[in-house]
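Trainee: my questions are about this predicted structure, shown below with the sequence.
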Amino acid sequence: MTLPKQLIVLTSVLLCAVLVLLRWYPPFESLRIVGGFTAILFLPGYVWSFVLWENRSVTLFERCVISIALSVVVMPLTILFENKLGIGISVESAVVTVVVMAALGIVTGRVMHRNRKK
């Protein structure tokens, strides 16, 4: 499955999750739950899954499982390391950590891809 198709499927799943949560939570709260889950427990691992498993033989389900596993391992360790450096644990630092880890994965993937072409 190509990347645009994967993104369409993942967006549909997230939209369905928001619609299901609307039954029990107010709209903003359900968006916050799904957005937080996606940002902390999915996005960094999804980016890094393309870096570590570049071949397209990985199915969407496998990539999602790998993404969640990578994020569950990497994000708490990164936030713990930041805490040891004296950066407090807050929502702002967690958001910055997610953005930095995803950007680091994108840059690493681009550099590795460029080096393979040479």
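Mentor: Nice, thanks for sending it over. Keep in mind that this is a model prediction, so the values were computed, not measured. Numbers count the residues shown, from 1 in each chain.
Trainee: contacts and neighbour counts: CA atoms only from here.
Mentor: Noted.
Trainee: quick one, helices of this protein?
Mentor: Counting by DSSP state H, the chain has these helices, from start to end: 3-21, 27-41, 43-52, 60-84, 91-117.
Trainee: next, the contact list for Val74, please.
Mentor: Each residue near Val74 by Cα atoms under 8 Å, 6 or more residues apart in numbering is listed here: Gly45.
Trainee: right, so the helices of the chain: which one is the most enclosed?
Mentor: helix 43-52 (a mean of 22; mean count of other Cα atoms under 10 Å).
Trainee: would you mind getting the angle between that helix and helix 91-117?
Mentor: Taking axes from the mean of the first three to the mean of the last three Cα atoms, to 10 degrees, one finds that helix 43-52 is oriented at 10 degrees with respect to helix 91-117.
Trainee: quick one on the thing from earlier: could I get the helices of the chain as CSV with mean pLDDT?
Mentor: Supplementary listing: these in CSV, determined by pLDDT from 0 to 100:
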stretch, mean pLDDT
helix 3-21, 80
helix 27-41, 84
helix 43-52, 89
helix 60-84, 89
helix 91-117, 87
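Trainee: and stretch 86-98, C-alpha only, in PDB?
Mentor: What follows is the C-alpha trace of stretch 86-98 in PDB, where atoms were taken according to Å, rounded to 0.1, in the frame of the first residue of the first chain:
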ATOM      1  CA  GLY A  86      16.700  19.500  34.200                       C
ATOM      2  CA  ILE A  87      14.000  20.200  31.700                       C
ATOM      3  CA  GLY A  88      10.700  19.800  33.500                       C
ATOM      4  CA  ILE A  89       8.000  17.400  32.400                       C
ATOM      5  CA  SER A  90       5.200  19.400  31.000                       C
ATOM      6  CA  VAL A  91       2.800  19.500  28.100                       C
ATOM      7  CA  GLU A  92       5.000  22.000  26.300                       C
ATOM      8  CA  SER A  93       8.200  19.900  26.700                       C
ATOM      9  CA  ALA A  94       6.300  16.700  25.500                       C
ATOM     10  CA  VAL A  95       5.000  18.500  22.400                       C
ATOM     11  CA  VAL A  96       8.500  19.800  21.600                       C
ATOM     12  CA  THR A  97       9.900  16.300  22.200                       C
ATOM     13  CA  VAL A  98       7.400  14.800  19.800                       C
END
